[in-house]
Structures are given as structure tokens and as C-alpha cells.
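**Student:** Give me a 3D structure for the following:
(chains A and B)
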Amino acid sequence: NAGVTQTPKFRILKIGQSMTLQCTQDMNHNYMYWYRQDPGMGLKLIYYSVGAGITDKGEVPNGYNVSRSTTEDFPLRLELAAPSQTSVYFCASSYPLGQGGPGNTIYFGEGSWLTVV
Amino acid sequence: QKEVEQNSGPLSVPEGAIASLNCTYSDRGSQSFFWYRQYSGKSPELIMFIYSNGDKEDGRFTAQLNKASQYVSLLIRDSQPSDSATYLCAVVLNDMRFGAGTRLTVKP
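**Tutor:** Numbers count the residues shown, from 1 in each chain, chains lettered A, B, ... in the order given. The predicted structure follows:
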């Protein structure tokens, strides 16, 4: 009954370092997402994927990269970390949204708290 | 114009009152609409969704959708202190976009 699992939960990075946030889901969802949430703000879509081998940019993709080699995994890579990337990162997954089923919703992981100093 | 707009609040209501949360969206092609609740330090959890004009009720929660006005709302009846959280409106077109959230405080 794992759902969406993210690691690590907390991480402190130095400016210029790189790291990968891991995300895996066991619900056989085709769609996966990465969001970031700054303090007191809503969620901003970074990247999403509609299936293995397919990724697309969201609202705030700069400074990040993703890959989707399997249905289950959707890692997010931060290159050359900057203080502006200090945020909470949420991975999520879903069945196809919108025309794929109006009630289909996304399921979130527990979040990864990242601080860049 | 932001894709999804919500009053940031904070909204404060006494216990037992009705809390009314509002959301507008910019894209007329948006297909379905969701309300999430997020407690501090936690991930969002789904409260309910709506995709047809009108009202949809689920327990103490009622979602209202008016596509002509591009407006969706959430009413919480008999508000409880445990309802104190940030409420996020989300809109689906090809992906899911969120509003900034409205912080609700229910005072005992």
C-alpha cells in the first residue's frame, strides 16, 4: 500500500551542488509529475510525464531535468543548485487526466524538503 | 492573468459556521476541478472533484461549478477546528494546475 514514495525527505545542498530526488509509484499510473511549493504558496508544476520515455515541461522547468525510463520511476535532477530552489518538492502520479476520466485525480508523495545554502 | 486564482486569506470562521472558499480559472477548456486540503508540513489530500455545472455534495462539503463564469467554490458546513488548513483549488486541462491556496482557520 505504498502509493507514491519520494526520497530523501530532507536534504541540505550547497550552492552549485547537484542531486537527484527519487520518486517511485506502485499504482501502475501512466502519468507522473513533479511540483514545487514555496512557503505560503501553491504548487507549481516543474515537469510531467505521460508515459515511459515521454516528458514535458511544466510552469517552472528551469534548473531541473527529468527522465522516465520505467512506468514506476520519475527522478528529478537539480543541476547547479541555487538558493531559489529551496522549496518543498512533491512527486505525484495519476491515471490520464481530463478526457481520460473527469474524476481522475493525482496522488501525492509525502514531499521532499530541500534547502540550498 | 494567473491560470487559477484564489483569495489567499486568511479566512477565519467560528466553529459551526459555513466557510466559503472561491476559485476562478482562466482557460475555458478546463475539464475538471478539484479541491485539496493541505495541513502544514503535509502533502495535499483530495476532498472532492466536480466537472459538471451545478452543485456536488459530499458530507459537510459542497462544491459548486459555474463554467460560464469560470468559477468554482467549496462550502464547508458546520466547520470544525480540524478543518483548519490551506485549501487548494486545482484545474485540469492537459495537466493539473493549482491556485495559491486559501488558509482557513476555524476558531472554537
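**Student:** Residue 11 bridge partners, please.
**Tutor:** No chain was given, so I picked chain A. A:Leu114 (DSSP bridges).
**Student:** meant chain B, my bad for not saying
**Tutor:** B:Leu104.
**Student:** Run through the residues that contact it.
**Tutor:** B:19, B:21, B:102-105 (Cβ atoms under 8 Å, 6 or more residues apart in numbering or on different chains). For the C-beta atoms, the positions are set from N, CA and C on the backbone; glycine is no exception.
**Student:** Pull up the gap between it and B:Thr86, please.
**Tutor:** 10 Å (Cβ to Cβ, to the nearest Å).
**Student:** what touches both of those two?
**Tutor:** Residues touching both B:Leu11 and B:Thr86 (Cβ under 8 Å, 6+ apart): B:102-104.
**Student:** Please identify which of those residues is nearest to chain A.
**Tutor:** B:Arg103 (8.2 Å; Cβ to the nearest Cβ).
**Student:** ok, which residues in chain B are in contact with chain A?
**Tutor:** Chain B comes close to chain A at residues B:4, B:6, B:31-32, B:34, B:42-46, B:49, B:51, B:88, B:92-101, as judged by Cβ under 8 Å from any Cβ of the partner chain.
**Student:** now those residues: which count as buried?
**Tutor:** B:4, B:6, B:31-32, B:34, B:43-44, B:49, B:51, B:88, B:92-101 (16 or more other Cβ atoms under 10 Å in any protein chain shown).
**Student:** In chain B, where is pLDDT below threshold?
**Tutor:** Segments of chain B classed as low confidence (criterion: pLDDT under 70) are B:1-2.
**Student:** at 90 instead, please
**Tutor:** Counting by pLDDT under 90, chain B has low-confidence residues at B:1-3, B:7-9, B:27-32, B:51-52, B:92-96.
**Student:** Give me the neighbour count for A:Gly40.
**Tutor:** A:Gly40 has 10 neighbouring residues, counting by other Cβ atoms under 10 Å in any protein chain shown.
**Student:** Quickly check: the helix or strand harbouring A:Cys91 near chain B or not.
**Tutor:** Using DSSP states H and E, A:Cys91 falls within strand A:87-94. Yes: residues of strand A:87-94 contacting chain B under Cβ under 8 Å from any Cβ: A:90, A:94.
**Student:** strand partners of that strand, parallel vs antiparallel please.
**Tutor:** Using DSSP bridges, the strands paired with strand A:87-94 in its sheet are strand A:31-37 (antiparallel), strand A:107-108 (antiparallel), strand A:112-116 (antiparallel).
**Student:** quick one: the longest one to chain centroid distance?
**Tutor:** Averaging C-alpha positions (Cα atoms, centre = their mean, to the nearest Å) puts strand A:31-37 4 Å from its chain's average.
**Student:** who touches that strand?
**Tutor:** Against strand A:31-37 from outside (Cβ under 8 Å, 6+ apart): A:21, A:23, A:25, A:43-51, A:58, A:60, A:64, A:66, A:68, A:74, A:76, A:85, A:87-97, A:106, A:111, B:95-96, B:98.
**Student:** Please narrow these to those residing in strands.
**Tutor:** Counting by DSSP state E, those place A:21, A:23, A:25, A:43-51, A:64, A:66, A:76, A:87-94, B:96, B:98 in strands.
**Student:** ranges for the strands of chain B?
**Tutor:** Assigned by DSSP E, chain B shows strands spanning B:4-6, B:11-14, B:19-25, B:32-38, B:45-50, B:54-58, B:61-66, B:71-76, B:85-92, B:96-98, B:102-107.
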